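1. Next input, structure requested:
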Amino acid sequence: MILVTGATGSIGTHLVRLLQEKGVKFRALVRDEGKGRALGCDIVTGDFDDPGSLAAAMEGVDRLFLNAGGAQPVEGEQPMVRQQKAAVDAARAAGVSRVVKVSVSGARRGGRLAQGAHWEIEEYLKASGLGWSMLRPGGFMQNFLTGTAAFTAGGRLLDGYGGARVSYIDCHDIAACAAALLTGSGGLGETYELTGPQALTYAEVAQELSAALGRTVEHAELSPDELAAGVRAQGLPAGFADDLAELSRQVAGGSLAATTTAVRDLTGREPRTFGEFLAANADGLSRRFIDS
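-> Numbers count the residues shown, from 1 in each chain. Down below sits the predicted model:
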């Protein structure tokens, strides 16, 4: 039995469908029962901040897909550290044999925001005695559809990376890698850096969006300092703003420009290009850029 956490998120929804197609036995841990029912699979309601619900969700589980939230604008330790450590503890107590964890590209000791938080969780998982595999994706293609990527009021795409290239990946491909590890025997003790097949600049992303929409999408640069100022203006903590600015500088320096063969190695096929992603998500593209 596989337990899927983060099942209603950008990666989890794809993973649920892939596991359904494979006909394997799994359940999804969800906070919102209504959203969970929409998945059309066996669900259990629970929360990472409720150890009792984690213990109940782990009953009969052999493999765990661990994925929960991103960095939050808080002072001090990121909540994901406490939450995912609790999930690891529950998995160990339940006799789970293997955990496939979604981490982040650049995870390391002392890293900013998600980088440092995921590194700490990775180390905790490695020390737990459980079998593990780490997936480290970089930028998500989905960010350009969900609104996470920044746009001006006039619809221009804001480039905070100084024209640097980023090897964006489709969350469908992250889910496919997770499915391969959760249903197979390989990859134990391995860390996979997941990327798409090409590294794009924001100018090239804007060109792809323009071609898909049939109208011009322009882009404009946003310096790290301007990014931080905008975040502070929203009333968010100064430390969070400074960390975002530093991460922006890292990407501008090429930290997410490299591509890897990990998706092909795990799934046997090439990852989706950005154009293929846009074609597969035409309805979402229309809602994001036309209906809004």
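2. Contacts only, for residue 196.
-> Neighbouring residues of residue 196 by CB atoms under 8 Å, 6 or more residues apart in numbering: 141, 167-170, 173, 259, 263, 271-274. Quick note: C-beta positions are derived from backbone N, CA and C, even for glycine.
3. Same check on residue 179?
-> 15, 18-19, 22.
4. Pass me the low-pLDDT residue ranges in the protein, would you?
-> Counting by pLDDT under 70, the chain contains low-confidence ranges at 147-149, 153, 290-292.
5. Pull up the pairing partners for the lengthiest strand in it, direction included.
-> Identified as the longest strand of the chain according to DSSP state E is strand 131-137. Applying DSSP bridges, strand 131-137 is found paired with strand 98-102 (parallel), strand 190-194 (parallel).
6. Which positions within the last one qualify as buried?
-> I take that to be strand 190-194. By 16 or more other CB atoms under 10 Å, the buried positions in strand 190-194 come out as 191-194.
7. Repeat that for stretch 116-124.
-> Neighbour counts over stretch 116-124 (16+ other CB under 10 Å) mark 116-122 as buried.
8. where along this structure do the helices fall?
-> 12-22, 33-37, 51-57, 79-94, 114-126, 143-146, 171-183, 202-213, 224-233, 238-252, 262-267, 274-280, 282-286 (DSSP state H).
9. and among those helices, the most buried is which?
-> Ranked by mean neighbour count, these are led by helix 171-183 with a mean of 24 (mean count of other CB atoms under 10 Å).
10. For the closest residue to residue 6 other than its chain neighbours, give me the backbone phi and psi.
-> Leaving aside its sequence neighbours, residue 6 sits nearest to residue 67 (CB to CB, 6 or more residues apart in numbering; 3.7 Å). Reported as degrees, to the nearest 10, the phi and psi values for residue 67 are phi -150, psi 120.
11. residues touching residue 67, list them.
-> By CB under 8 Å, 6+ apart, residue 67 lies in contact with 5-6, 9, 11-12, 101-102.
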